[in-house]
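Novice: Sequence first, predicted coordinates after that:
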Amino acid sequence: MVITNYKKFPLVVIDISEKVKHNARYAVTVDDIKEYEQEYGPIPDGAFVALRSDWYKKWPDINAVSGIDEEGKENAPGWSLEALEYIYKVRNASANGHETLDTDSSQVAEEHQDLICERYVLENEKIQVELLANLDKVTPAGAVILVSYPRIEGATGLPARVWAITE
């Protein structure tokens with residue numbers, strides 16, 4: 001198989017998995033990212049910033065992955081708009097990803113009655129990958145990620161194959 005549509009990025013993995021254990025609707029903050037940078041250094045220019053929540057471990061139970069409770073309320077972690085603005089405007093990231101179905105944490109989406117984080121990523125024509133898995137097996141800094149995808153004119157979403165090369 002020959003892959004012609006792919007991009008390679010330095011990979012950054014921001015781990016919020018412990019916070020998600022206590023709050024399934026947690027939205028990553030700029031302070032979370034700055035804590036990462038204190039330990040591992042600044043996010044490299046052009047990076048793919050992945051949000052580790054360990055949400056992928058809920059698969060294959062689609063109800064658990066969806067985070068819908070008995071009352072029909074969504075409960076899933078994700079990004080905050082401030083965190084996305086930080087990685088893109090301040091750190092010049094090229095892409096972001098997460099283990100959940102949506103970009104926005106349920107808390108952010110509910111608060112704004114909109115998927116403002118997803119809209120931000122798409123309006124800024126950034127690459128985003130949802131439903132990532134195995135981020136707990138990748139080093140937080142120093143890995144490389146390859147994202148391959150078909151080219152479909154006018155598509156707003158499409159399948160992707162993703163590989164991380166890590167120590």
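Specialist: Thanks, I have it.
Novice: which stretches of this protein aren't confidently modelled?
Specialist: Scanning the chain for pLDDT under 70 picks out 1-4.
Novice: Sort out which residues of the longest strand seen in it are buried, please.
Specialist: Using DSSP state E to define each element, the chain has its longest strand at strand 6-15. Neighbour-count burial for strand 6-15 flags 9, 10, 11, 12, 13, 14, 15 (criterion: 16 or more other C-beta atoms under 10 Å). All C-beta atoms are positioned from the backbone trio N, CA, C, and that covers glycine.
Novice: quick one: contacts for the nearest residue to residue 142 once chain neighbours are set aside?
Specialist: Leaving out its chain neighbours, the residue that sits closest to residue 142 by C-beta to C-beta, 6 or more residues apart in numbering is residue 167, at 6.6 Å. The contact partners of residue 167, taken as C-beta atoms under 8 Å, 6 or more residues apart in numbering, are 139, 142, 143.
Novice: Just among those residues, which is most surrounded?
Specialist: Using other C-beta atoms under 10 Å as the neighbour test, the contacts of residue 167 are led by residue 143, with 19 neighbours.
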